[in-house]
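1. sequence first, then the predicted structure:
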Amino acid sequence: MELAFVITAVIVLGGAVAAMSLRNLVHCALCLALTFAGLAAMYLLLQAQFVAFVQLLVYVGAVAVLVVFAILLTRGDDTTHQSVFSKTSFIGISVATLALACILAAALSSYVADRLPPGKPEASVKEIGTQLMTQYVLPLEAVGLLLTAAMIGAVIIAMQERKAK
Amino acid sequence: MDIGTLLSRIFGDPDQAFVTLKHWLVDLAPPAIQPLVSIMLSIAPILGVFPLLFAITTVLERKGLGRIQNRLGPNRVGPYGWLQPVADGLKAIIKEDVVPRAADKVVHFLAPVVIVVPVLLVYAVLPVGRNMVAIDIDAGVLFFFAVGASTELAIFMAGWASRNKYSLLGAMRAIAQMISYEVPLILSAVTVVMMTGSLSTMKIVEAQGTYHGLLPDWHVFTPWGLAGFLMFMVAATAEANRSPFDIPEGESEIIAGYFVEYSGFKFALFFLGEYLGLFAASGLAITLFLGGWHAPAEWLTWVPSYVWFFTKLVLFIAMFIWVRGTLPRVRMDQLMNFAWKFMLPLALVNILAAALWRFLPVGPARWVITSVVILGAYLVLARVVGGEKHFTKREYRFAE
Amino acid sequence: MIPLHYYLVVSGLLFSIGLAGALTRRNAIMVLVGIELMLNAANLNFIAFWRYSPNPEALNGLMFAIFSIAIAAAEAAVGLALVIAIYRHYKTADVAKFDVLKG
């Protein structure tokens, strides 16, 4: 189990660092897709199979493709000689390091940190479906409404405006 | 178990022959690595059988298309040309691998790999025979669609890394087409999942195992099942970039589109990935709609289950070749209109019809009501989508 | 067996990498990529805590992660549509150049 976790964690973190620091934008998008796939593998390690497949379908199959299309549609000057990081990147890095320190301090000193996993949970798809329809039906309908609104909104925002002649 | 018992067991029950063989081989291995050996023995037949089927399909397609187009196919290599795949394979391996100088080397190299690997992964959930599925995941159908969705990224990688305008254009068209047709594909599979109550492919096949009257209980012999099956096949043809939806790789349109800069073995890998995707989609259609490895009639169940699966698969391949040779290519905007304005609403109506089928009492009433709902929606949508064209009288201009 | 804090460390690192990227990159799309990484880190946290909780039958963590994935997809779509619309106006996606409201 340890080896699988180490390999998956290396893929996730390596892909994330590459996605945030590469110069070529399309390479960043592809490393992002790799990070998402690594996260799906980590969900499989945690026995959350349904979430892992949904992660692959939504993130790798849709969000990564969306990012790639957006990069291709907004290419103006892709051979800039300036750095890809802003001039005030030092402040950003220090804020992120501070956030990391807080999170790690909270996580490692907590009383739940040393927990070992209990027996295998029964997260069958039938169970998830039943709960979605009984206990979580209100969030389900709200998410449906949200997705419809987001779809219509995205199309309207990105549509070419008709020139009023 | 010694060889004698093994042979008697295999010939006594030919349906479970491969399962028995696998169990015998796993028992031979030392207990420490038995899980690993078991997994390898599940994977190796997939890696052996389906590429072999791909090789046979290439020759079958060329000869079939040749006959449809009133010419002979390849008939030089081997008896009547049946050893052509060997010649093609050798040519692909020994050809020089040309990479454009301006191409993005890493992405250009990885694109064929990223196409072939997910396509091979989805074969793990297809039940090829009784008790013959590589893994029985609780969410098998979702695994199929999730892993199949990563093919789009690979096509983009291939098209962009070649630094070629035609490649990029072909890749963008291919991705737009694949994303558009993924929605009716998944929605038509959702009806089957809804009626069976499970996402596991084994359970879906088992739910179609009974025989009532003349026809078996396959999903394709119900109104919603037939509509779903037809939509699934159309969407699968478009997903695999196969004629009549092969704008992204049409040779007469944009010179092979996103894999124009690939030569030799990488081109062969793209070809392999496309055909394997076709077989996988056919396999899923057989699992969802055509009863998987079940025989069509009760008195035919003595034939082994894997024979039925592969017979149905070969029939699907023949149908794909037939459609490729017969129908003209669909234009890009016609394609997108068809997906979003016709197939998506029809798929939603199909889900409604399946729900009606479930809740109406058993008898001729539910057949009539469900068929009327589906046919009515089909006619209305065909009028709405097809009625937008107004053909004026054709005018001819002759050279003076 | 892997104790819980291994997953929490990975999730924290992923969150801070996303935060660093969102705060320092110049391209607007990269900022959105950083936000997606942060959302994924939170999802990983939820799933890890669900798995290691004394009552995994409640499926709370799974449900939260599923809804979070759906909402993140919607937010990515709208965010990228906004970037495309802004690019059409400014002809660049560099966040340092969107300064018309300054001063």
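-> Yes, it's here.
2. is stretch B:351-359 anywhere near chain A?
-> No: Stretch B:351-359 is not in contact with chain A by C-beta under 8 Å from any C-beta of the partner chain; minimum separation 14.0 Å. Using the backbone N, CA and C atoms, a C-beta is placed for each residue, glycine as well.
3. in that stretch, what counts as buried?
-> B:351, B:353-354, B:356-357 (16 or more other C-beta atoms under 10 Å in any protein chain shown).
4. which of those residues fall within helices?
-> Within the buried residues of stretch B:351-359, residues falling in helices by DSSP state H are B:351, B:353-354, B:356-357.
5. tell me the one of these nearest residue C:32?
-> Distance to residue C:32, by C-beta to C-beta, is smallest for residue B:351 among these, at 33.3 Å.
6. quick check: nearest residue in space to the closest one, chain neighbours excluded?
-> Nearest non-adjacent residue to residue B:351, counting by C-beta to C-beta, 6 or more residues apart in numbering or on different chains: residue B:191, 5.5 Å away.
7. so what's the residue nearest the centre of chain A up against?
-> Residue closest to the average C-alpha location in chain A (C-alpha atoms, centre = their mean): residue A:36, at 6.1 Å. Neighbouring residues of residue A:36 by C-beta atoms under 8 Å, 6 or more residues apart in numbering or on different chains: A:55-56, A:59-60, A:63-64, C:40.
8. so which of the residues you listed also contact chain B?
-> Within the contacts of residue A:36, those near chain B by C-beta under 8 Å from any C-beta are A:56, A:60, A:64.
9. which of those residues fall in strands?
-> Nothing among the ones next to chain B among the contacts of residue A:36 maps onto strands, per DSSP state E.
10. hang on, the earlier thing: want to try JSON lines for the buried residues of stretch B:351-359, with pLDDT as columns?
-> Shown next, in JSON lines, are the buried residues of stretch B:351-359 (pLDDT from 0 to 100):
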{"residue": "B:351", "pLDDT": "95"}
{"residue": "B:353", "pLDDT": "94"}
{"residue": "B:354", "pLDDT": "93"}
{"residue": "B:356", "pLDDT": "93"}
{"residue": "B:357", "pLDDT": "92"}
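11. wait, which of these is closest to chain A?
-> Distances from chain A to these, taken as C-beta to the nearest C-beta, are shortest for residue B:351 (14.5 Å).
12. ok, the closest one to chain C distance?
-> 19 Å (C-beta to the nearest C-beta, to the nearest Å).
13. ok so, going back, which ones among the contacts of residue A:36 map onto helices?
-> A:55, A:64, C:40.
14. my read: the last one touches residue A:38, true?
-> I take that to be residue C:40. No: between residue C:40 and residue A:38 there is no contact under C-beta atoms under 8 Å: 10.0 Å.
15. quick check: residues of chain A near chain B?
-> Counting by C-beta under 8 Å from any C-beta, chain A sits next to chain B at A:26-27, A:30, A:33, A:37, A:49-50, A:53-54, A:56-57, A:60-62, A:64-65, A:68-69, A:72, A:124-126.
16. ok, the residue in the stretch 151-300 of chain B that chain C sits nearest to - contacts?
-> Closest contact between the stretch 151-300 of chain B and chain C, by C-beta to the nearest C-beta, is at residue B:179 (12.5 Å). Listed by C-beta under 8 Å, 6+ apart, the contact set of residue B:179 reads A:62, A:65, B:152.
17. and what of residue C:98?
-> C:86, C:90.
18. how about residue B:227?
-> B:188, B:346, B:350, B:353, B:374, B:378.
19. could you measure from it over to chain A?
-> Relative to chain A, and taking C-beta to the nearest C-beta, residue B:227 is found at 24 Å.
20. ok, residue B:312 next?
-> 26 Å.
21. what number of residues lie near that residue?
-> 21 (other C-beta atoms under 10 Å in any protein chain shown).
22. what's the helix or strand harbouring it in contact with?
-> Element membership for residue B:312, per DSSP states H and E: helix B:305-326. Defining contact as C-beta under 8 Å, 6+ apart, one finds that helix B:305-326 is touched by B:15, B:18, B:53, B:57, B:60-61, B:64-65, B:68-69, B:127-130, B:132, B:237, B:242-244, B:278-279, B:282-283, B:285-286, B:290, B:292-296.
23. with stretch B:132-143 instead?
-> A:49-50, A:53-54, A:57, A:124-125, B:18-19, B:42-43, B:46, B:122-127, B:189, B:193, B:199-202, B:204, B:284, B:288, B:293, B:305-306.
24. which residues touch residue A:17?
-> Contacts of residue A:17 (C-beta under 8 Å, 6+ apart): residue C:17.
25. and residue C:25, by the same measure?
-> Residue C:25 touches A:20, A:84-86, C:31, C:34, counting by C-beta under 8 Å, 6+ apart.
26. from those residues, which is closest to chain B?
-> For the contacts of residue C:25, the nearest to chain B is residue A:84 (17.4 Å; C-beta to the nearest C-beta).
27. so, low pLDDT: which residues of chain B?
-> Applying pLDDT under 70 to chain B flags the ranges B:1, B:250-256, B:387-391.
28. hang on, residue A:127 packs against residue C:59?
-> Yes: using C-beta under 8 Å, residue A:127 makes contact with residue C:59 at a distance of 6.6 Å.
29. which one's more surrounded, these two?
-> residue C:59 (22 against 16).
30. now the ones in helices among the contacts of residue A:36 in TSV, with neighbour count and pLDDT?
-> Below are those laid out as TSV (neighbours: other C-beta atoms under 10 Å in any protein chain shown; pLDDT from 0 to 100):
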residue	neighbour count	pLDDT
A:55	29	95
A:64	27	94
C:40	28	96
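31. lovely, talk soon.
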